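Asks: Using only what follows, build the 3D model:
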Amino acid sequence: MWMLPGQNQSWVSEFILLGFSSDPTSNRILFIVFLLLYLCSVMGNGLIITLICLDSHLHTPMYFFLCILSLLDMACVTTTIPQMLVDLLAASKTISFARCWLQMYVFGALGLTECMFFVVMAYDRYVAICYPLSYTVILTWDLCMWLAAGTWACGFFFSVIHTFLTMSLPYCGPNIINHYFCEGPSVRSLACMDTHLIEMVDLVISVFVVLPPLSLIVASYIRIALAILKIKSTQGRCKAFSTCASHLTVVTFFYAPAIYIYIRPNSSYSPERDKQVSLFYNVFTSLLNPVVYSLRNKDIKVAFLKVMGHGRMA
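Replies: A predicted model of the protein is given here:
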């Protein structure tokens, strides 16, 4: 703690992450559970990335976007879970102000990037189903690269604004964050000033960043549904629906808790409920993606069997 110039208050130089429990036995059990979830998430997403890179048949825009989604999920869960695992076993659960700032920024940037990247994936499905004969002409590799780079750039840019608004507030105590990582609303609740204006600005930014992408996704899938209904073949309709069902499942599990956390006033902030909800779009969505896309995707299964077959032959 160090003194804020010209004031009799002290400025917080570190925070304490409360986590889920203060009971050592419960923490050890939670450590094992979350370690397994983390390893499954990293290995599952890592496997998808590896298969897409190794199998030339998967070098298409759809799987290029899926590869990036898996990379985002791996990075997002790695930003928060290792710190939580350490805190579950450590006697001291402190995190410096700078590390808290960095964690909030990186997690926010990856989350915002993924939020907008789902629009790109929806556009890919829209072109594939509504304009199948022009798919490779419309979605060129140059366009795919620009779409991917654009979502990353927007995510990291908007996260700067969100993080700056939260971390520029005065924190003079208490410094206990009732969460397992430095999430914006949880940290902002500790500010020793009226945060109403900051909340409103942050809410406007969140609405601007979250709702337009979600609206575009909904609009894309309305057009996709209409196109599927026009397909005469039952097998063709089932195949088209199957390629979209996985994406819609992941989008729902990501957007629903994210909207609850970020697009609401600070007055409705509930630490215990927020910790549980945040697990969905942080841990479980990252774990869900490889399960959904691998179990429902024939090409991924074939690629996996080919790699395993080559391994046995070697």
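Asks: can we go C-alpha only for contacts and neighbour counts from here?
Replies: Noted.
Asks: And L133, how far from T60?
Replies: Distance of L133 to T60, given as Cα to Cα, to the nearest Å: 15 Å.
Asks: of the two, who's got more company?
Replies: Comparing L133 with T60 by other Cα atoms under 10 Å, the one with more neighbours is T60, at 16 against 11.
Asks: residues contacting the more buried one?
Replies: By Cα atoms under 8 Å, 6 or more residues apart in numbering, the contact list for T60 is empty.
Asks: mind checking pLDDT for it?
Replies: As predicted, T60 sits at a pLDDT of 89.
Asks: Could you tell me whether H179 really is in a helix?
Replies: No - secondary structure of H179 (DSSP: H, G, I helix; E, B strand; the rest coil): coil, not part of a helix.
Asks: what about it, how many residues close to it?
Replies: The number of residues near H179, taken as other Cα under 10 Å, comes to 21.
Asks: And the pLDDT at it?
Replies: 87.
Asks: Tell me who's in contact with it.
Replies: L17, L18, G19, F20, S186, P271, E272, K275.
Asks: which ones are touching the nearest residue to it once chain neighbours are set aside?
Replies: The shortest distance from H179 to any non-neighbouring residue, by Cα to Cα, 6 or more residues apart in numbering, is to G19 (5.1 Å). By Cα under 8 Å, 6+ apart, the contact set of G19 is M84, D87, L88, N178, H179, Y180, F181.
Asks: Tell me which residue is most central in the chain.
Replies: A centroid search over the chain (Cα atoms, centre = their mean) returns G111, at 4.1 Å, as the residue closest to the centre.
Asks: where's that one, which helix or strand?
Replies: Element membership of G111, judged by DSSP states H and E, is helix 97-130.
Asks: What's the mean pLDDT across that helix?
Replies: Mean pLDDT, computed over helix 97-130, is 91.
Asks: Show me what it is packed up against.
Replies: Here helix 97-130 touches strand 14-17, helix 61-89, helix 135-138, helix 141-167, helix 196-229, helix 234-262, going by 3 or more Cα pairs under 8 Å, 6 or more residues apart in numbering; DSSP states H and E.
Asks: got a list of what T80 touches?
Replies: Here T80 is in contact with Q103, F107, Y180, F181 (criterion: Cα under 8 Å, 6+ apart).
Asks: Looking at these, which one is closest to V204?
Replies: For the contacts of T80, the residue nearest V204 by Cα to Cα is F107; the value is 19.3 Å.
Asks: count of residues packed around that closest one?
Replies: 23.
Asks: can I assume it is in contact with T79?
Replies: Yes - using Cα atoms under 8 Å, F107 is in contact with T79, at 6.2 Å.
Asks: Next up, the contacts around Y281.
Replies: F253, F254, Y255, P257, A258.
Asks: what do you get for M193?
Replies: M193 neighbours (Cα under 8 Å, 6+ apart): L169, P170.
Asks: Just the element for it, please.
Replies: Using DSSP H and E, no helix or strand contains M193.
Asks: quick one: it and L169, what's the gap?
Replies: M193 is 8 Å from L169, by Cα to Cα.
Asks: Kindly give the local confidence score, pLDDT, for L165.
Replies: L165 carries a pLDDT value of 83.
Asks: What count of nearby residues applies to the nearest residue to it once chain neighbours are set aside?
Replies: Once flanking residues are discounted, L165 sits nearest to I198: 6.6 Å by Cα to Cα, 6+ apart. Residues near I198, counting by other Cα under 10 Å, number 15.
Asks: I198 contacts M167, doesn't it?
Replies: No - using Cα under 8 Å, I198 makes no contact with M167, being 11.0 Å away.
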